[in-house]
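>>> Okay, sequence plus prediction incoming.
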Amino acid sequence: MVVPPPAPHRPEAALPKPRRPLDAGAPADTAGSERVRQWYEDELGWATTCGPEGARLRTGLRFDVLEVPADAGFAMLRRLDPRSPVAVRGETMRLLLAAGSADEVPGLLDWLEWGALPLDLVTLGAGASIDAPTPPGWAGSQEAAVWVRPPEPGREVEPVLPALTTLTAVSTCPVVGGGGGAPDLVRLVDTAATCCHRARLRRASAAPSAQPLAFS
C-alpha cells in the first residue's frame, strides 16, 4: 500500500483571517454618521459634532442632559411630561433638560436632602456631548442610542424641557410638566433621585448575599 505524501503546510490557508473586532473604539461609518448629523442639524437645528464613534450632540446650547440608570429612568417615565425627549443607550437613560440646568442639579440635590446619598446620577452641560440617538424611523445598530420619546422635527424643544421655575410647581403639579408650561426642574430632580435610590436598593437586595442565610 502506497501512502501519499502529506500535503505541504500552508499557514495562510490553515485559518481564516481574523475579523476586525466591533469594539467601541472602532471608526464609525463616516457616511452614516454624516447623514445622522445632518438630520439633527436640518430637522431640529441642534449643534452636532463627529467623534470616533460617530455623530454626537453638543450639550449646553439647546439643552443639557440628565443621565440615570435605565431601570430608574423607566420607572420615571409615567411621571414625566410626555413631550420631553428621552433617549436610552444600554443601561443608561438620558433626559433632556433646559440649557444651564446641569449647573443647578447639585444644589437642588442638596436642598432636597439627597446630596449625601450615592444616586448614580450624572449631568452634562456646556462643553460636553452625547452620542446622537438613531433618528426616529431609521434603522440603527443594536449598540446605538435610541429615542424612547423622540423630539418633534419642526418644533422648538426648549418650551418642553425641564427648567428651574417657581418652587410652587413642586406642590401644585402631580406630574412633572403636567401643568401645561415648562416642566419644573425641582420636581424632576426629586423624582429622579427617588427612582435612582429605589433602583439602587432593588439591585442591592437582588444581589447574592455574601453569607447565605441558614433556614431551619
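Looks like it arrived, so ask away.
>>> CA atoms for contacts and neighbours, from now on please.
OK.
>>> so residue 199 touches residue 71, yeah?
Yes. Counting by CA atoms under 8 Å, residue 71 is a contact partner of residue 199 at 6.6 Å.
>>> What are the buried residues along stretch 49-59?
Residues of stretch 49-59 classed as buried by neighbour count (16 or more other CA atoms under 10 Å): 49-50, 53-59.
>>> Could you do stretch 73-90 as well?
Of all the residues in stretch 73-90, those buried under the rule 16+ other CA under 10 Å are 73-76, 79-89.
>>> Now, those that are in strands?
Counting by DSSP state E, the members of those that fall within strands are 86-89.
>>> Check the average confidence over stretch 47-57, would you?
What stretch 47-57 shows for mean pLDDT is 91.
>>> scratch that, stretch 187-199
Mean per-residue pLDDT for stretch 187-199: 95.
>>> which residues are contacting it?
If you take CA atoms under 8 Å, 6 or more residues apart in numbering as the criterion, stretch 187-199 is touched by 68-69, 71-73, 75-76, 80, 105, 108-109, 112, 114, 118-121, 162, 169-170, 176.
>>> Now restrict those residues to buried residues only.
Neighbour counting by 16+ other CA under 10 Å classes 68-69, 71-73, 75-76, 80, 105, 108-109, 114, 119, 121, 162, 169-170, 176 among the contacts of stretch 187-199 as buried.
>>> Going by residue numbers, what spans are strands in the protein?
According to DSSP E, the strands that the chain contains are 48-51, 54-58, 63-69, 86-89, 92-98, 122-124, 129-131, 146-149.
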